[in-house]
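> Okay, predicted coordinates and the sequence, questions at the end:
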Amino acid sequence: MIKRRNRRKQTISFDKRLEHAARAAHEAAGTLPEGREREILLTKARQAETARRINGWLASSDLQSPK
């Protein structure tokens, strides 16, 4: 039996999804008191922001292939 991949058409760009994830994590962290859960959310927000920057670099027209 062949398993089929669950393919989903994304309606929102990857950049916008990362932006939304970072904003949501920052907002959720703002409602929590200092502690482990807040630090985890802030870490997720920083990771989403970093992924967004890296994606921007990779998508830029200034990116040159190695020589």
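Looks like it came in fine.

> Quick one: mean pLDDT over stretch 30-37.
For stretch 30-37, mean pLDDT rounds to 95.

> Run the chain-centre distance for it.
21 Å (Cα atoms, centre = their mean, to the nearest Å).

> With stretch 46-65 instead?
Centre to centre, stretch against its chain (Cα atoms, centre = their mean), the figure for stretch 46-65 is 11 Å.

> Give me the buried positions along it.
Neighbour-count burial for stretch 46-65, counted by 16 or more other Cβ atoms under 10 Å, picks out 48, 49, 51, 52. (Glycine included, C-beta is placed from N, CA and C.)

> Tell me which two in those residues are the farthest apart.
Using Cβ to Cβ, those span at most 7.3 Å, a distance reached by 49 and 51.

> what's the overlap in contacts for the two?
Shared contacts of residue 49 and residue 51 (Cβ atoms under 8 Å, 6 or more residues apart in numbering): residue 18.

> Low-confidence ranges, this structure, go.
Flagging of the chain using pLDDT under 70 yields the residue ranges 63-67.

> Determine the set of other helices and strands touching the one helix or strand residue 47 maps to.
Assigned by DSSP states H and E, residue 47 falls within helix 36-59. Contact analysis of helix 36-59 by 3 or more Cβ pairs under 8 Å, 6 or more residues apart in numbering; DSSP states H and E lists helix 14-30 as its packing neighbours.

> Can you list the buried residues in the helix it packs on?
18, 21, 22, 25, 26, 29.
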